[in-house]
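**Student:** Structure here, sequence nowhere to be found:
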């Protein structure tokens, strides 16, 4: 699950093991750091400042070359093999940003041959390559130091999160030891994350062993800190892999007074087949609970409708629900069960007055050849409109990435926005966001976006409880000319942090997301530029279809956001 920038495509305490960009503030226009940051944002690998910095021993320039990517990554090779330890470490950080499989053999060579294994782990995890998962698993065995274990767990998350790896396929992975880490120790969250992202975990961890750990977590939820609570949520997510065998645990989680655990239990019920949880989902879907629970329940019933045809009729009813979030959720599943009926509804939404419903119809219509034909007809008939363009993108997602990059902001402009916060007046209330300092160019772009009024009216078009609330979609042709911003990465995707949604490297524009779960698999993949400073309760209350009524910037801290 990724917080990708969407027009029509569905997705945005272990830090990224290689850290953030060195010196994330721009204090002096003519400093090496300022020049390096500007050249990196401009993706100008040929800028002489890189050579000058390396001659001066400022090896952070190697990390920035990795951010630029492409051919710039070849300049890292000699440093990866060099004798200078400091240079090797910065080059390893850059190699992780490169995501270059061509570097994988060299990175594997280093992690196997050196004592600096923790420093190489992230680069190996991001770059892939044959045997990388096995090498990372080996770092977890024996009496490995804590730093190495944390680095290996983070790297494993990055290695398995996007390729559906089965747990049994990683030679040397001790799943029982991972489970023990979840139950006891500072690596609880990272170990839980690895297990939750692996496939077919029941092949290597018995339900009895799993039950002991989750049951213990559920009995002490009120005593867990925020990170431990997230580990318990991930284990509640993992429960769905055990199907109906996990029923008692999911019922206990559902009765929890911790909202995140309760919501995760509802989501996991979609993977079960028993009558008890079916009854719970039906009750919630019919209005017994808050909006997010209704959405999750309809989503669960839609998933279960594959094996329970009687539920398909209910989906048709929910498509007409007054709650638009419920209606669009039902449509996604109806499209898989009865595409003719779903396409008819989606076509009416596409040409209707409600832009949120039209946007969701675009996604639904991509699910069948007949739906794609409807999109093609619409795109051909409305080439100059936002919806017409989005229909074309639905058929060819590569069109979304054709964006002119924004000009790199000057040091003076960056300085003018330093210390300002983003204030969002939403349909649910006010949300205030401070800038982290890790991504000055992204921060400046979004603050500018608010200052010129282009955030006003943006939809919260994608809300996934315990993951992200994402905004930025709007029926406004002018927004298409805003231009793309480059990745700055750095920072952790903890709850309340704000990231840039993308459709691929350096394709971020005006869409952003607020993390409502601790999303380690996004670290180092999506730029973090802000953090919610107040009103996370408003963020948790956001529903799909809500709107940013008004966006502005203010000198932090302001009375409005205290």
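**Tutor:** Sure thing, it's come through. This is a predicted model, so every value here is computed, not measured. Numbers count the residues shown, from 1 in each chain.
**Student:** check which helix or strand covers residue 463.
**Tutor:** Using DSSP states H and E, the element containing residue 463 is strand 459-464.
**Student:** who does the next helix or strand after that strand pair up with?
**Tutor:** Past strand 459-464, further along toward the C-terminus, the next helix or strand under DSSP H and E is strand 468-473. Using DSSP bridges, the strands paired with strand 468-473 are strand 459-464 (antiparallel), strand 512-515 (antiparallel).
**Student:** What mean pLDDT does strand 468-473 get?
**Tutor:** This predicted structure assigns strand 468-473 an average pLDDT of 97.
**Student:** before we move on, what about stretch 421-441?
**Tutor:** pLDDT averaged over stretch 421-441 gives 96.
**Student:** measure it end to end?
**Tutor:** Across its full length, stretch 421-441 reaches 14 Å end to end, with CA to CA, to the nearest Å as the criterion.
**Student:** Tell me the secondary structure at residue 550.
**Tutor:** For residue 550, the secondary structure call by DSSP: H, G, I helix; E, B strand; the rest coil comes out as strand.
**Student:** To what extent is it buried, counted in neighbours?
**Tutor:** Each residue near residue 550 was counted by other CB atoms under 10 Å, and the total is 15. Every residue, glycine included, has its C-beta placed from N, CA and C.
**Student:** so who does residue 307 touch?
**Tutor:** Contacts were defined as CB atoms under 8 Å, 6 or more residues apart in numbering; by that measure residue 307 touches residue 273.
**Student:** just residue 368 next, same as before
**Tutor:** If you count contacts by CB under 8 Å, 6+ apart, residue 368 has them with 335, 339, 343.
**Student:** Domains in this protein, by residue range?
**Tutor:** Structural domains assigned to the chain are 174-271, 411-561, following automatic domain parsing.
**Student:** returning to that earlier point: so which of the contacts of residue 368 belong to helices?
**Tutor:** Restricting those to those inside helices, with DSSP state H as the criterion, leaves 335, 339, 343.
**Student:** ok, of these, which come out buried?
**Tutor:** Burial by neighbour count, judged by 16 or more other CB atoms under 10 Å, picks out 335, 339, 343 from the ones in helices among the contacts of residue 368.
**Student:** How about the second one, nearest residue that isn't a chain neighbour?
**Tutor:** Read that as residue 339. Closest residue to residue 339 apart from its sequence neighbours, by CB to CB, 6 or more residues apart in numbering: residue 368 at 4.2 Å.
**Student:** could you dump the strands paired with strand 468-473 to JSON lines with distance to residue 420 and mean pLDDT?
**Tutor:** Converted to JSON lines, those look like this (distance: least, CB to CB, whole Å; pLDDT from 0 to 100):
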{"stretch": "strand 459-464", "distance to residue 420": "22", "mean pLDDT": "98"}
{"stretch": "strand 512-515", "distance to residue 420": "16", "mean pLDDT": "98"}
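**Student:** Kindly compare burial across these and name the winner.
**Tutor:** Ranked by mean neighbour count, the strands paired with strand 468-473 are led by strand 512-515 with a mean of 28 (mean count of other CB atoms under 10 Å).
**Student:** Quick check: neighbours of the following helix or strand past it in the sheet, parallel or antiparallel?
**Tutor:** The C-terminal neighbour of strand 512-515 among helices and strands, as given by DSSP H and E, is strand 528-534. The strands beside strand 528-534 in its sheet (DSSP bridges) come out as strand 429-435 (antiparallel), strand 497-500 (antiparallel).
**Student:** Residue 306 is nearest to which of these?
**Tutor:** Taking CB to CB as the measure, the strands paired with strand 528-534 were each checked against residue 306, and strand 497-500 came out nearest at 32.6 Å.
**Student:** Reformat the strands paired with strand 528-534 as TSV; add distance to residue 184 and mean neighbour count.
**Tutor:** Shown next, in TSV, are the strands paired with strand 528-534 (distance: least, CB to CB, whole Å; neighbours: other CB atoms under 10 Å):
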stretch	distance to residue 184	mean neighbour count
strand 429-435	35	21
strand 497-500	28	28
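**Student:** where are the low-confidence patches of this protein?
**Tutor:** Counting by pLDDT under 70, the low-confidence segments of the chain come to 1-30, 401, 559-562.
**Student:** Check which helices and strands the helix or strand hosting residue 234 sits against.
**Tutor:** Counting by DSSP H and E, the secondary-structure element that holds residue 234 is helix 226-238. When contacts are defined as 3 or more CB pairs under 8 Å, 6 or more residues apart in numbering; DSSP states H and E, helix 226-238 packs onto helix 188-197, helix 207-219, helix 247-254, helix 259-268.
**Student:** Mind listing what's buried along the last one?
**Tutor:** Going back to what we said before, that points to helix 259-268. By neighbour count, and taking 16+ other CB under 10 Å as the criterion, the buried residues in helix 259-268 are 260-268.
**Student:** by contact count, what packs against it?
**Tutor:** Using 3+ CB pairs under 8 Å, 6+ apart as the contact criterion, the secondary-structure elements in contact with helix 259-268 are helix 226-238, helix 247-254, helix 275-285, helix 291-304.
**Student:** repeat that with 7 Å
**Tutor:** Using 3 or more CB pairs under 7 Å, 6 or more residues apart in numbering; DSSP states H and E as the contact criterion, the secondary-structure elements in contact with helix 259-268 are helix 226-238, helix 247-254, helix 291-304.
**Student:** Adding mean neighbour count, write those out as CSV.
**Tutor:** Converted to CSV, those look like this (neighbours: other CB atoms under 10 Å):
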stretch, mean neighbour count
helix 226-238, 23
helix 247-254, 20
helix 291-304, 24
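**Student:** For residue 421, which of those helices is the nearest?
**Tutor:** Evaluated over the helices and strands packed on helix 259-268, closeness to residue 421 peaks at helix 226-238, with 22.7 Å, by CB to CB.
**Student:** tell me the angle that closest one makes with helix 188-197.
**Tutor:** Computed with axes from the mean of the first three to the mean of the last three CA atoms, to 10 degrees, the direction of helix 226-238 lies at 20 degrees from that of helix 188-197.
**Student:** got the angle between helix 226-238 and helix 207-219?
**Tutor:** If you take the same axes, to 10 degrees, helix 226-238 sits at 140 degrees to helix 207-219.
**Student:** Now do helix 226-238 and helix 247-254, the angle between them.
**Tutor:** Using the same axes, to 10 degrees, helix 226-238 lies at 140 degrees relative to helix 247-254.
**Student:** Residues touching helix 226-238, excluding its own?
**Tutor:** Where contact means CB atoms under 7 Å, 6 or more residues apart in numbering, the residues beyond helix 226-238 that reach it are 13, 182, 188-189, 192-193, 195-196, 201, 213-214, 217-218, 221, 224, 253, 258, 260-261, 264-265, 268, 466, 517-518.
**Student:** again, only this time at 8 Å
**Tutor:** The contact list for helix 226-238 (CB under 8 Å, 6+ apart) reads 13, 182, 188-189, 191-193, 195-196, 201, 210, 213-214, 217-218, 221, 224, 249-250, 253, 258, 260-261, 264-265, 267-268, 466, 495, 517-518.
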